[in-house]
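J.: this one's structure only:
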């Protein structure tokens, strides 16, 4: 049996050429993009039928809690602790031990998650202060009911994330990230069928059951290929295995550090329950937009690179050089797409929100609040996406404790700054309390930048300088500002047109001008985008 060392070592670096992960990142991004497009369509239908109502608040709060558990246990901590160990075993050719580890992790995960789901279903009324302390009366009762329905779905999502870990380690990225489309399709079907027929409260309950059904389909679609790839699976909680102990040891710190985005999101959602009616739902609708760049660009690059970073071998100098090359390449890819995303949220957040959500029960005033939330999210968007990649580098080095320390600092800052900016600052400034939701995203962004600086400084001390040249950053922001100015003129010309048409044209012009400007400046990522476009039939 091969035992994975917690340090770094192995074959000489000559056997470890820098592997290009652009294709893998593109597959992950494709899967995420398709899933997110369906997800945004789902949110559009929710805005149409539920609007910013008390039932929408209850569903959003309930779903945030179960989604938090899914991301924290599954795609967060599990990926960070399981993929490096499993990928290393595959790289060494020990498929038998890899299968034993995968089976043991699945068994342990199923056992732990089953207990958590059972406790969650039974103890929901006791836990409601942790879910939505600001809710009272009918909103509180509906939140309890919805949370109890959604908890089993969260458990299924976590087990589904085990499939994702196996598939990613075998470089089968597309299926893992396309699978959530099935979940979204079930939710969309429920909204299309029940939306015109049911009241808001009954629709929220129907939607919760649809979420559980969709989660089951998402798991089942991944299972056959997972079982075929992970040979020699033995579903026994084998805690005696040295490799399983490494996974378990790294799981605890990764539980907090990898899931800090979910923890911060949970805190934001909890604080939002103290804001006026409808703001929890509005925050949820806006979240579907501002998490898109984080997922599409941050997650795609970090998910594609984690298995490759984990395969690094050689002495310290060789491994450090390999990690620096991989990191710098990934950071450039992330920045190229995230910088214009952040600029668009500030300049055209209202255009985006109106095009997606302003119909049915979601009005113009709700759109203005959503714009404020998106503009606030722009503050930390780049830091959050690049921070994911730096965290992956730490996990590849079997170090989950350093990101943990920085994550704890971020969570504390998010809580303190969020409380002040959301619940106290609007009153001090004499503005409407609804704008406290924008304070939540601004404060999360500030905390995200502090965490990013610490992550980068700590890793640079270990492997040498990494990062994006300041000249490139200046060119990216300059191109985004130029594109925003041109698109703003187009917006003025189209005043009075349908929201969705304005959104498509304005954002289309914005993207084309940004691409042209960065290409003219000789930025390699722009040329890469154009090359991919030309290769398509």
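T.: Yes, it's here. Because the structure is a prediction, the values reported are computed rather than measured. Numbers count the residues shown, from 1 in each chain.
J.: all contacts plus neighbour counts: C-alpha atoms, from now on.
T.: Fine.
J.: starting at the chain centroid, how far to the helix or strand harbouring residue 450?
T.: Per DSSP states H and E: residue 450 is located in helix 436-463. On the basis of Cα atoms, centre = their mean, to the nearest Å, helix 436-463 sits 16 Å off its chain's mean C-alpha point.
J.: Only the buried residues of that helix, if you could.
T.: For helix 436-463, burial by neighbour count (16 or more other Cα atoms under 10 Å) applies to 436-452, 454-456, 458-459, 463.
J.: what's the pLDDT at the residue positioned nearest the centre of the chain?
T.: Closest residue to the average C-alpha location of the chain: residue 295 at 4.4 Å, with Cα atoms, centre = their mean. Note on residue 295: pLDDT of 71.
J.: ok, now which ones touch residue 192?
T.: residue 45 (Cα atoms under 8 Å, 6 or more residues apart in numbering).
J.: Quick check, pLDDT for it.
T.: For residue 192, the predicted pLDDT is 93.
J.: again with residue 13
T.: Looking at residue 13, the pLDDT reads 34.
J.: How about residue 22?
T.: Residue 22 is assigned a pLDDT of 47 by the prediction.
J.: Contact partners for residue 498?
T.: Residue 498 makes contact with no residue under the criterion Cα under 8 Å, 6+ apart.
J.: May I have the phi/psi pair for it?
T.: Main-chain torsions, residue 498, degrees, to the nearest 10: phi -60, psi 140.
J.: The residue nearest to the centre of the chain and residue 32 touch, don't they?
T.: Yes - with contact defined as Cα atoms under 8 Å, residue 295 reaches residue 32; the gap is 7.0 Å.
J.: if I look at residue 94, how far off is residue 207?
T.: Applying Cα to Cα, to the nearest Å, the value for residue 94 to residue 207 is 44 Å.
J.: more neighbours, these two?
T.: The residue with more neighbours, out of residue 94 and residue 207, is residue 207; 24 against 15, by other Cα atoms under 10 Å.
J.: centre of the chain versus the strand or helix carrying the more buried one, how much separation?
T.: Element membership for residue 207, per DSSP H and E: helix 200-229. Distance, stretch centre to chain centre, for helix 200-229: 19 Å (Cα atoms, centre = their mean).
J.: Spell out the residue ranges of the helices in the stretch 351-500 of the chain.
T.: 364-377, 381-396, 401-419, 425-429, 436-463, 470-493, 499-520 (DSSP state H, counting those that start in this stretch).
J.: any idea how the chain splits into domains?
T.: With domains defined by automatic domain parsing, the chain comprises 20-468, 471-528.
J.: any chance of those in a markdown table, plus distance to residue 534?
T.: Formatted as a markdown table, the domains of the chain follow (distance: least, Cα to Cα, whole Å):
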| stretch | distance to residue 534 |
| --- | --- |
| domain 20-468 | 15 |
| domain 471-528 | 10 |
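J.: Show me the shaky parts of the protein.
T.: Counting by pLDDT under 70, the low-confidence segments of the chain come to 1-31, 66, 68-80, 173, 237-240, 250, 252-262, 298-315, 535-537.
J.: burial count for residue 112?
T.: Based on other Cα under 10 Å, the number of other residues close to residue 112 is 12.
J.: er, residue 511 actually
T.: When counting by other Cα under 10 Å, one arrives at 19 neighbours for residue 511.
J.: can you tell me how far it sits from residue 486?
T.: Distance, residue 511 to residue 486, using Cα to Cα: 10 Å.
J.: Likewise for residue 347?
T.: In terms of Cα to Cα, residue 347 sits 11 Å off from residue 486.
J.: out of the two, which sits in the more crowded spot?
T.: A count of neighbours by other Cα under 10 Å puts residue 347 above the other of residue 347 and residue 486, at 18 against 15.
J.: my guess is residue 54 meets residue 277, correct?
T.: Yes - counting by Cα under 8 Å, residue 277 is a contact partner of residue 54 at 6.6 Å.
J.: Skipping adjacent residues, who's closest to residue 372 in space?
T.: residue 438 (5.1 Å; Cα to Cα, 6 or more residues apart in numbering).
J.: That neighbour against residue 379, yeah?
T.: No - between residue 438 and residue 379 there is no contact under Cα under 8 Å: 10.8 Å.
J.: if I pick residue 451, what's in contact with it?
T.: Neighbouring residues of residue 451 by Cα under 8 Å, 6+ apart: 387, 406-407, 409-410.
J.: If we use 10 Å, what do you get?
T.: 383-384, 387, 403, 405-411, 413, 445 (Cα atoms under 10 Å, 6 or more residues apart in numbering).
J.: next one: residue 293
T.: Residues in contact with residue 293, defined by Cα under 10 Å, 6+ apart, are 33, 299-300, 334, 337-342, 381-382, 384-385.
J.: element containing it, please.
T.: Judged by DSSP H and E, residue 293 forms part of helix 279-293.
J.: how far off helix 436-463 does that helix point, in degrees?
T.: Between helix 279-293 and helix 436-463, the angle comes out at 30 degrees (axes from the mean of the first three to the mean of the last three Cα atoms, to 10 degrees).
J.: Distance check, residue 139 against residue 514.
T.: Residue 139 is 44 Å from residue 514, by Cα to Cα.
J.: Next, check the contacts of residue 293 against the helices and list the overlap.
T.: Those of the contacts of residue 293 mapping onto helices are 33, 300, 334, 337-342, 381-382, 384-385, per DSSP state H.
J.: Out of those residues, the closest to residue 104 would be?
T.: Checking the ones in helices among the contacts of residue 293 against residue 104 with Cα to Cα, the nearest one is residue 300 at 27.1 Å.
J.: Okay, residue 287 and residue 441: tell me how far apart.
T.: From residue 287 to residue 441 the distance is 10 Å (Cα to Cα).
J.: swap that for residue 295, sorry
T.: When distance is defined by Cα to Cα, residue 295 is 16 Å away from residue 441.
J.: show me the contacts for the nearest residue to residue 48 once chain neighbours are set aside.
T.: The shortest distance from residue 48 to any non-neighbouring residue, by Cα to Cα, 6+ apart, is to residue 360 (4.4 Å). With contact taken as Cα under 10 Å, 6+ apart, residue 360 is in contact with 44-51.
J.: Just the ones in helices from those residues, please.
T.: Using DSSP H, the contacts of residue 360 in helices are 44-49.
J.: which of those residues has the most neighbours?
T.: When neighbours are taken as other Cα under 10 Å, the top entry among these is residue 46 (28 neighbours).
J.: Name the nearest residue to that residue, ignoring sequence neighbours.
T.: residue 191 (7.2 Å).
J.: Which helix or strand contains the one you found?
T.: Using DSSP H and E, residue 191 maps to helix 180-194.
J.: quick one, phi/psi of residue 195?
T.: Dihedral pair for residue 195: phi -50, psi -50, per degrees, to the nearest 10.
J.: Tell me how many other residues crowd it.
T.: Neighbours of residue 195 using other Cα under 10 Å come to 22.
J.: go on, the one 5 residues further on?
T.: Residues within reach of residue 200, counting by other Cα under 10 Å, total 20.
J.: My understanding was that residue 32 contacts residue 178; is that so?
T.: Yes - the pair formed by residue 32 and residue 178 meets the contact definition of Cα atoms under 10 Å, at 6.7 Å.
J.: More neighbours: which of those two?
T.: Neighbour totals were compared for residue 32 and residue 178, and residue 32 leads with 26 against 23 (other Cα under 10 Å).
J.: gap between the more buried one and residue 176?
T.: Plainly put, residue 32 is 9 Å away from residue 176 if you go by Cα to Cα.
J.: For the stretch 51-200 of the chain, which segments count as strands?
T.: Using DSSP state E, counting those that start in this stretch, no strands are found in the stretch 51-200 of the chain.
J.: And the helices in it?
T.: For the stretch 51-200 of the chain, the helices defined by DSSP H, counting those that start in this stretch occupy 54-69, 79-92, 95-122, 124-132, 137-169, 173-178, 180-194, 200-229.
J.: between these, which one is nearest to residue 524?
T.: Nearest to residue 524, of all the helices of the stretch 51-200 of the chain, is helix 173-178, at 24.6 Å by Cα to Cα.
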